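K.L.:
Fold the following.
(3 chains, ligands or ions: 2)
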Amino acid sequence: MAPNKTTATLFIDKDSWLQRLHPLTKLSYILLTGVAAYGGPSSLLYICLLLFCNAVITASGGLLKDTAKALLRVILPLLLFMIPIHSFLFPGNRTVLLEFHGMIVYQEGLLFAISTLTKLTVVLIASFLFVFSTHPADLITALSHTCRSPSLAYLLGSPLLLLASMRERIETIQAAQRARGLDVDGNMFRRFLSLAPLLLPLVLGAIVEVEQRSIALEVRGFKSTSIKTSLRKLSDSALQRFCRWLMLAIAAVVLLLHGLG
Amino acid sequence: MSLNRRFKEDFTTTTVVLMSIAIVINIVGGQLVSMLKLPIFLDSIGTVLVGLLAGPWAGGLTGLLTNLIWGMISSPVAAAFSPVAMAIGIAAGLCAKYGLFKTWWLAMISGVIITVFNAIVAVPIRLYMFGGITGSGADFITSYMLALGKDLFGSVVISVFTANLIDKVITAVLAWGIVKALPLRTTTRLPRAKNVVSA
Amino acid sequence: MIICAEDLTFAYNDSLMALQNISFEISAGECVALTGHNGSGKSTLVKHLNGLLKPTKGRILVANKDTATSRTAELASQVALLFQNPDDQICKQTVWDEVCFGPQNLGYDKKKTTTLVQEALALFELTSFEKKNPHDFGYSERKRIAMASIVAMDTPILVFDEPTAGLDSYEMSLLINTLKKLQSENKTVLVISHDMDFVAENILRAISLSAGKKVFDGKLRDLFEQTDLMTESGLLHPQTMQLSKACGLYSSPLSTDECVAAIAEQLGQPSLPNA
Ligand SMILES: Nc1ncnc2c1ncn2[C@@H]1O[C@H](COP(=O)(O)OP(=O)(O)O)[C@@H](O)[C@H]1O
Ligand SMILES: [Mg+2]
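P.N.:
Ligands and ions are numbered 1, 2, ... in the order given. Next comes the predicted model:
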């Protein structure tokens, strides 16, 4: 089961307990952390506790470095926008924290930004954990087994296979239209006008092909009631199934309390 | 009733294949606008197309799955916005159903309606998950509105609306043009296409 | 010289040299066949003519302009390039609009555009389809539409990348008529083709590529004499030559007429009946 390098995914091929976990278990975990972070108490200490839990799980799966790198890439731009905007402009701002050449940093805004960022970090870590440790093929297998739907498997799987050829095709179309005098690097108005001549050949070609593709699928027995045994074997256990229900139940309770409180 | 049975009734094989292609078109749309250096997203053209050709539910599912796949292969943040993509597909399908894609100017109106649907779903996500700021160009509009003394909710509504308006109107008109340009043998296979091209 | 390549070298990436030190000259009004096996770099070479690709080393001049420093949108008024797959370019709802696309991009006025489009449609016998949707037709009609849309651009240089693929014999005759008309208008034409019957019958000069290098440039007849080179370039002799060789004739006829004449001579008759 070599990692598939032809389709771009975030999956990292390592053999840790996180990798072996059933995808649905990990999905339930994302849901639980999301609900816990956004629906739980809003004290910073509590959020940091969640953060710590997630960090420990990540480290035990050997994914700490990759997660930290990816996290930084997402959080950094957010941080750069959010901290100044809310520190200066948050509508609830009252308490002056700093004054610097007429720019006033307020406490409420800064706290709001920090609390939002930490909550977001908690959920992001859980999500990165999921995408780094789950091969897309495993997710597709898990989802289509649960929903008993070969259509869903096709919908999740085939786009990844088609993507590379479509990306190549858009380059060819661009070259073909430029050869007919289409100006793709003129002023903005011209560039807007060249959108249709580039998009139409791509989309028309693809939609006209739908017919042939669906006939090819039906000939191969697509949608026959049995779901074919998939290429990748997923390990699941009674314990994992129990954990999944437990996590979902806890999430539901937290949501309920949040709604009441 | 199992989901599979429901799928079978709602979605023919043709629809499913159309959706899978639309998902790729959504993803490649982003590549196209960055190639042309245009300040729009064009990441829902496939979703809108499915809305027009196969109805609101297929359109919604196309949007949802696009962002989930996007989340898997690129950044989980996209997955957080999958309900927004779903709303776009449903809105496009409904607009087509009520004849709002018959001409190019009706398609423009549909683009505005889609922008409204988009905002209704996107604003709460932006507000509660991201504190109103998502690290994109729209943040400049948000902060400008905040500086004018608007509250956070109002600022986010305005920035989401303005940042999406041009994109969604262009998307809607392009989708209309694509369906118009489809050959007869294809439109006859996709019964909903006649909502757009009055035969 | 309307086209002049000097030491043209191009690499898609560091590992692969798609073109190596290619030099040639083509004068205005010439018709040249570009041959070579799949992946030898023919398409890569012609994409340099309108600046779609810029040389890694060396240069190529088209009408005395260096293509590396000109924009493709401007070079398109000099060089029209037909891509292999018509579906990569068809973007309009009617055949008429599709063929108008090029001339309109080049900024021709309405009257000129109309005349050019009418001529091009007539050349490929598409006039009766002009109001129809290009996608309502089969592949070979779409190929004809694509060819018409290139011819309608009325450029001094025309390049066809594998125009014969997927055409039936009737459509092939339309293409041949078009080539003749372009020649009579003193246009420079470059045709990429594997079809040696088509090339032998219609074109005098050939440039042959192999693995990114120019291995032949000269009279087509001389290329056919060099059997090693033919094998290396993955080319077959035209059927007329194969036939005359099988008949034990010494001449190497390139067209049906020449072949008939050679056989007649062998038989000691001034001409063959029904020839
Ligand atoms: N876009 C591209 N990126 C990388 N390599 C390419 C690209 N296009 C062509 N090539 C490579 O360059 C070589 C020449 O290709 P091409 O010019 O298309 O050959 P031909 O038209 O003679 O069949 C081939 O080895 C091909 O694999
Ligand atoms: Mg080629």
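
K.L.:
Below-threshold pLDDT in the chain: ranges please.
P.N.:
Looking at chain A here, since you left the chain open. The model of chain A has pLDDT under 70 over residues A:1-8, A:223-232.

K.L.:
Please refer instead to chain B.
P.N.:
Checking chain B against pLDDT under 70 turns up B:1-10, B:198-199.

K.L.:
ok, now with 90
P.N.:
B:1-13, B:30, B:72-76, B:134-140, B:147, B:149, B:183-199 (pLDDT under 90).

K.L.:
Near the residue of chain B found nearest chain C, how many other residues are there?
P.N.:
Going by Cβ to the nearest Cβ, chain C is nearest to B:P183 of chain B, at 3.7 Å. Any C-beta I mention is one placed from the backbone N, CA and C, and that applies to glycine too. B:P183 sits with 17 neighbouring residues when counted by other Cβ atoms under 10 Å in any protein chain shown.

K.L.:
now B:S34
P.N.:
B:S34 - counted by other Cβ under 10 Å - has 10 other residues nearby.

K.L.:
ok, now A:K65?
P.N.:
Counted by other Cβ under 10 Å, the residues lying close to A:K65 total 10.

K.L.:
Determine the three-state secondary structure at the closest residue to chain B within the stretch 101-250 of chain C.
P.N.:
Residue of the stretch 101-250 of chain C nearest chain B, by Cβ to the nearest Cβ: C:H135 (3.7 Å). Following DSSP: H, G, I helix; E, B strand; the rest coil, C:H135 is assigned to helix.

K.L.:
that older thread, tell me the contacts of the residue of chain B closest to chain C?
P.N.:
A:V208, C:N133, C:H135, C:D136 (Cβ atoms under 8 Å, 6 or more residues apart in numbering or on different chains).

K.L.:
Any figure for the gap between it and B:Y98?
P.N.:
26 Å (Cβ to Cβ, to the nearest Å).

K.L.:
Could you do C:L52 as well?
P.N.:
With distances taken as Cβ to Cβ, C:L52 is found 45 Å from B:Y98.

K.L.:
of those two, who's got more company?
P.N.:
Per other Cβ under 10 Å, whichever of C:L52 and B:Y98 has more neighbours is C:L52, with 20 against 12.

K.L.:
For that one, which non-adjacent residue is spatially closest?
P.N.:
A:A175 (5.0 Å; Cβ to Cβ, 6 or more residues apart in numbering or on different chains).

K.L.:
In contact with the residue of chain C found nearest chain A, which residues?
P.N.:
The minimum distance from chain C to chain A, using Cβ to the nearest Cβ, falls at C:N105 (3.2 Å). By Cβ under 8 Å, 6+ apart, the contact list for C:N105 reads A:R180, A:G181, A:L182, A:D183, C:A73, C:A76.

K.L.:
before we move on, what about A:A55?
P.N.:
Here A:A55 is in contact with A:L64, A:I125 (criterion: Cβ under 8 Å, 6+ apart).

K.L.:
Which strand or helix spans it?
P.N.:
A:A55 is located in helix A:44-60, with elements delineated by DSSP states H and E.

K.L.:
Could you pick out the residues of chain A near chain C for me?
P.N.:
Proximity of chain A to chain C, by Cβ under 8 Å from any Cβ of the partner chain, involves residues A:169, A:172-173, A:175-186, A:196-198, A:200-201, A:204-205, A:208.

K.L.:
Those, buried ones only, as a PyMOL selection?
P.N.:
Buried residues among these (16 or more other Cβ atoms under 10 Å in any protein chain shown), as a PyMOL selection:
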select buried, chain A and resi 169+172+173+175+176+177+178+179+180+181+182+183+184+196+197+198+200+201+204+205
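
K.L.:
Among the residues of chain A next to chain C, name the ones in helices.
P.N.:
Secondary structure from DSSP state H places A:169, A:172-173, A:175-179, A:196-198, A:200-201, A:204-205, A:208 of those in helices.

K.L.:
Is C:L190 part of a helix or strand, or is it coil?
P.N.:
C:L190 ends up strand, using three-state DSSP.

K.L.:
separation between it and B:T15?
P.N.:
45 Å.

K.L.:
next one: A:L204
P.N.:
Relative to B:T15, and taking Cβ to Cβ, A:L204 is found at 18 Å.

K.L.:
ditto for C:A73
P.N.:
Distance from C:A73 to B:T15, by Cβ to Cβ: 40 Å.

K.L.:
need the residues of chain C near chain A, please.
P.N.:
C:47, C:50, C:52, C:71-73, C:76-77, C:79-83, C:85, C:87-92, C:101-102, C:105-106, C:135, C:149-150, C:153.

K.L.:
Put the buried members of these into a PyMOL selection.
P.N.:
Selecting just the buried residues from the residues of chain C next to chain A in PyMOL takes one command, with 16+ other Cβ under 10 Å as the test:
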select buried, chain C and resi 47+50+52+72+73+76+77+79+80+81+82+83+85+87+88+89+90+91+92+101+102+105+106+135+149+150+153
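
K.L.:
Mind checking which of the residues of chain C next to chain A land in helices?
P.N.:
Short answer: the residues of chain C next to chain A in helices (DSSP H) are C:T72, C:A73, C:F101, C:G102, C:N105, C:S149, C:I150.

K.L.:
Just checking, which of these comes out lowest on pLDDT?
P.N.:
Ranked by pLDDT, those bottom out at C:A73 (88).

K.L.:
If we ignore the residues flanking it in sequence, what's nearest it?
P.N.:
A:D183 (4.1 Å).

K.L.:
and stretch B:86-96, anywhere near chain A?
P.N.:
No. Using Cβ under 8 Å from any Cβ, stretch B:86-96 stays clear of chain A, coming no nearer than 13.2 Å.

K.L.:
got it, and stretch B:132-152?
P.N.:
Yes. Stretch B:132-152 lies within reach of chain A by Cβ under 8 Å from any Cβ, at B:I133, B:T134, B:G135, B:D139, B:T142, B:S143, B:L146, B:A147, B:K150, B:D151, B:L152.

K.L.:
Please identify the helix or strand for the nearest residue to the second one once chain neighbours are set aside.
P.N.:
Right, the one you point to is B:T134. Using Cβ to Cβ, 6+ apart and skipping the chain neighbours, the partner closest in space to B:T134 is B:R126 (6.1 Å). Taking DSSP H and E as the criterion, B:R126 maps to helix B:104-130.

K.L.:
Return the distance of that helix from the chain's centre.
P.N.:
Between the centre of helix B:104-130 and the centre of its chain there are 9 Å (Cα atoms, centre = their mean, to the nearest Å).

K.L.:
Give me the subset of the residues of stretch B:132-152 next to chain A lying in strands.
P.N.:
Using DSSP state E, no member of these falls in strands.

K.L.:
For ChimeraX, write the select line for the buried members of those.
P.N.:
In ChimeraX syntax, the buried subset of the residues of stretch B:132-152 next to chain A is picked out as below (16+ other Cβ under 10 Å):
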select /B:133,134,135,139,142,143,146,150,152
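
K.L.:
Nearest the geometric middle of the chain, what residue?
P.N.:
Defaulting to chain A. Centroid-nearest residue in chain A, with Cα atoms, centre = their mean: A:S127, separated by 6.6 Å.

K.L.:
try again with chain C
P.N.:
Note: chain C centre (Cα atoms, centre = their mean) maps to C:V191, 1.5 Å.

K.L.:
so what's that residue up against?
P.N.:
By Cβ under 8 Å, 6+ apart, C:V191 lies in contact with C:C31, C:V32, C:A33, C:L34, C:V159, C:F160, C:P163, C:L179, C:V199, C:I203.

K.L.:
For those, point out the one with the lowest pLDDT.
P.N.:
Across the set of the contacts of C:V191, C:V199 stands lowest in pLDDT, at 90.

K.L.:
how would you label it: helix, strand or coil?
P.N.:
Under three-state DSSP, C:V199 comes out as helix.

K.L.:
Which of the helices or strands spans the nearest residue to it once chain neighbours are set aside?
P.N.:
Spatially, and ignoring its direct neighbours in sequence, C:V199 is nearest to C:A33 (4.5 Å; Cβ to Cβ, 6+ apart). Counting by DSSP H and E, the element that carries C:A33 is strand C:31-35.

K.L.:
Relative to the whole chain's centre, how far out is that strand?
P.N.:
6 Å.
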